[in-house]
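K.L.:
no sequence for this one, just the structure:
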C-alpha cells in the first residue's frame, strides 16, 4: 500500500518559508541574530529531509551519502575555523553553493536540452552559478593571502571580459537552439573564465561588497534551478531551492547595495573600477606620527567620561576581542561610558566586527553603527581605534583623494585619538591615513591583543 505524501511535502514547504522569513527577520538585529541562524538552519534541515518524501525520487542512498558528507564537512569547518578566517570561509561556501547550482543546471541541460522554457531557466542558472563559483574562489584566495589582495589589472580587461562573456553565452544559446550538448563544454569553461577575470581586478578593500554579491548570485542561481526542477517530473523537489534561493538572492542583493552605499560607491565602480590598483601619489602629509606608551594611554582612558572604541580588521587578526571585552569591563567598572563604533565595511565581510564583539560578550546596547555614533565623536574624551584604517581616514573628506566621498567614522573630531596598530602600513585601499598625523592622535604600536592586555593591567593597577 502506497501513500501520496505530496500534500504533506507542500505543507512542510509552506512552514519552511515562514520559518526562513522569521530567521531573516531575527538576523537583522545583533541581539537576535543567533536565534535567526538557528531558525534558518532548522528550516533548511526540514526542507532537506522532506525531499525524501517526494514522489518518484530515487537514488536515496546516494542522496543520503551526499548529505552526510557535505553536512559533516560543513559542521567540521564551521567548528574549527578561526574568526579571522571567517570571511574566506564564507566566500568558499558561497562558491560551493554556486558550484552546486551550476552542476544541477548542467545535469538538467544534458538530460533536457530539448525542453523549451525549462532549459532556458537551467541555462540562466548555469551562467550565474558558474560566475559565482569562479569569482568566489578568487575572493577566497585573496582573503586567504594565497594571491595578492591588490587588484590584478590585465591589459584591455573590459574588452577581454566582455568578449569572453558574449562568446560563452553564444555557445550556451547555440547548444540550446541546435539541441547539441557538445557546445555546453566551451559554454561552462568560458563562464568560469569570466568569473575569474571579473574578480581579479577587485581589491581587498572591496571584498565585503564582493562577498555579498556572490552570495546573492548563488541564491539567484539556486532559485532558477529550482524553477527548472518544479517544471519537471520531480516538481516538489525544486520548491526548497526556489524558497531558499529567492530569500538568499533578495537578502544578498539588498545587502550588496547597502554595503556599496556605505562606501559611497556604485556597484559598477566596485566591479569595474579596479579600486586600489594604483598607489596614491602626492606630497607628504603635514604633521608627524606621535607614539604613546601603554601607561599614558591607560591614564587617558581611565580618567575619561566617554570612550568610543572603533574596531577594524586588525582586531580580528590579533584575536583581541576578548581583551577588548576585559578593557570594556574594567573601564565601565570605573564609571567610564564605553561605546563601540561599527562601520558597515570594517573587516572583510558584512557584520564582521559585530560577530567578533558578540562572540566576546560585549552587550549589544553598546554597539552603534556609523550613523548613530558619528555625532558623538566631538564629545568623546578618547577614541580608541583598534586595527581600523580606511574607515577612519579623514582623507575621504578631501577632494581628489581616492577615498573621496566615502562615509567614515569621524574619530578625528574627538579630543584625543589613540590608534592601536601593528606597524605603519597602509590599509586595504593602499592609501596613507591622514588621521595618524593629526595633532590629537597618538600611535600605540604592537599586537592588538598584547597592547589591549597591557592597557587592562595598567588600569587595574593604577
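P.N.:
Thanks, I have it. Note that the coordinates shown come from a computational prediction; the quantities given were computed from them, not determined experimentally.
K.L.:
Following the helix or strand hosting residue 215 in sequence, what is the next regular element?
P.N.:
Taking DSSP states H and E as the definition, one finds residue 215 inside helix 207-230. Going down the chain from helix 207-230, the next helix or strand is helix 239-262, by DSSP H and E.
K.L.:
starting at the chain centroid, how far to that next one?
P.N.:
12 Å (C-alpha atoms, centre = their mean, to the nearest Å).
K.L.:
any idea of the mean pLDDT in it?
P.N.:
For helix 239-262, mean pLDDT rounds to 84.
K.L.:
just stretch 368-387 next, same as before
P.N.:
Here the average pLDDT along stretch 368-387 is 95.
K.L.:
lowest confidence element among the helices and strands of this structure?
P.N.:
None of the helices or strands of the chain scores lower by mean pLDDT, DSSP states H and E than helix 267-272, at a mean of 78.
K.L.:
Next, the residue nearest the centre of the chain: secondary structure please.
P.N.:
Central residue of the chain (C-alpha atoms, centre = their mean): residue 349, 3.2 Å from the mean position. Classification of residue 349 using DSSP: H, G, I helix; E, B strand; the rest coil returns coil.
K.L.:
Burial check on the spatially closest residue to it that is not a sequence neighbour, number of neighbours?
P.N.:
With sequence-adjacent residues excluded and distances taken as C-beta to C-beta, 6 or more residues apart in numbering, residue 349 is closest to residue 87, at 4.0 Å. All C-beta atoms are positioned from the backbone trio N, CA, C, and that covers glycine. The number of residues packed near residue 87 is 24, by other C-beta atoms under 10 Å.
K.L.:
Same check on residue 54?
P.N.:
Residue 54 has 17 nearby residues by other C-beta under 10 Å.
K.L.:
from memory it sits against residue 8, does it?
P.N.:
No - contact criterion C-beta atoms under 8 Å: residue 54 and residue 8 do not qualify, at 10.4 Å.
K.L.:
circling back: and the angle for the helix holding residue 215 with helix 239-262?
P.N.:
160 degrees (axes from the mean of the first three to the mean of the last three C-alpha atoms, to 10 degrees).
K.L.:
My guess is residue 364 contacts residue 34. True?
P.N.:
No - counting by C-beta under 8 Å, residue 364 does not reach residue 34; the two are 11.0 Å apart.
K.L.:
where do the contact lists of those two overlap?
P.N.:
Taking C-beta atoms under 8 Å, 6 or more residues apart in numbering as the criterion, residue 364 and residue 34 both touch residue 358.
K.L.:
Map the structural domains onto the sequence of this structure.
P.N.:
With domains defined by automatic domain parsing, the chain comprises 81-272, 294-460.
K.L.:
and the first one, how far apart are its ends?
P.N.:
To tie it back to what came earlier, the one meant is domain 81-272. By C-alpha to C-alpha, to the nearest Å, the extent of domain 81-272 from end to end equals 31 Å.
K.L.:
now do the shortest one
P.N.:
Length of domain 294-460, first residue to last, C-alpha to C-alpha: 13 Å.
K.L.:
Could you list the buried residues of the least confident helix or strand of the chain?
P.N.:
267, 270, 271 (16 or more other C-beta atoms under 10 Å).
K.L.:
same question, stretch 438-454
P.N.:
Buried residues in stretch 438-454 (16+ other C-beta under 10 Å): 438, 440-444, 447-449, 451-454.
K.L.:
circling back: TSV for the domains of the chain, including distance to residue 285?
P.N.:
Listed next are the domains of the chain as TSV, based on distance: least, C-beta to C-beta, whole Å:
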stretch	distance to residue 285
domain 81-272	19
domain 294-460	5
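K.L.:
Please enumerate the helices of the stretch 251-400 of the chain.
P.N.:
Secondary structure of the stretch 251-400 of the chain (DSSP state H, counting those that start in this stretch): helices located at 267-272, 294-302, 313-318, 321-333, 352-360, 370-373.
K.L.:
follow-up on the earlier one: can you flag the weakest of the domains of the chain by average pLDDT?
P.N.:
Looking at those, the weakest mean confidence is domain 81-272, a mean of 86.
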